[in-house]
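A.B. asks: Dropping the sequence and predicted coords here.
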Amino acid sequence: MFQNPFRQTALIDQVLVLAKPDAVHNGKVGRILAMFERTHFWICNTRELQMTNEFCAQHYRDHVNKPFYPSLVDFMTSGLTIAFHMQWVSNPKDMIPVARETVEAIRQINLCQNPRNLVHASSSIEAAQRELTLWFPNSKN
């Protein structure tokens with residue numbers, strides 16, 4: 001079995017990255033992963049899921065009362081989503097900014113508009129911990 005060479009490194013943090021239904025449907029998952037790997041993220045777990053309304057409410061709990069929430073749920077429940085539990089191997093304080101910059105670069109390259117914007121990455125370390133627990137409940141985060 002292939003071993004992750006970064007597991008022994010002390011400077012590891014974790015983030016959730018989602019390839020949204022439009023990315024899966026349009027065959028862009030590999031390109032998304034390649035961009036994250038180029039910025040020193042390492043995949044440690046994956047999960048495929050057809051999101052339900054209830055799961056969306058848990059994942060997007062901060063957006064439930066916002067006007068765009070119904071269209072977001074319609075989109076996120078429209079097809080398969082692939083979740084990636086990723087590790088960052090560098091200075092932990094840089095993880096979220098680099099993840100967010102990678103997401104924005106992917107969206108700009110593909111001329112995306114909300115909510116069909118291909119990819120999600122955790123917005124903070126706290127959000128990453130909450131999201132990873134939701135998406136990978138049996139994993140040791």
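C.D. replies: Now that the structure is in, tell me what you want to look at. Numbers count the residues shown, from 1 in each chain.

A.B. asks: where's the residue most central in space within the chain relative to V119, distance?
C.D. replies: Centroid check for the chain by Cα atoms, centre = their mean gives V17 as the closest residue, at 1.4 Å. To V119, V17 is 7 Å away according to Cβ to Cβ, to the nearest Å. Backbone N, C-alpha and C define where each C-beta goes, glycine included.

A.B. asks: about what we covered before: so what does the nearest residue to the residue nearest to the centre of the chain once chain neighbours are set aside have for phi and psi?
C.D. replies: Closest residue to V17 apart from its sequence neighbours, by Cβ to Cβ, 6 or more residues apart in numbering: F84 at 4.4 Å. With angles defined as degrees, to the nearest 10, F84 sits at phi -120, psi 120.

A.B. asks: ranges for the strands of this protein?
C.D. replies: 12-19, 41-49, 81-89, 119-121 (DSSP state E).

A.B. asks: of all the ones you listed, which lies closest to V64?
C.D. replies: V64 lies closest, by Cβ to Cβ, to one member of the strands of the chain: strand 119-121, at 16.1 Å.
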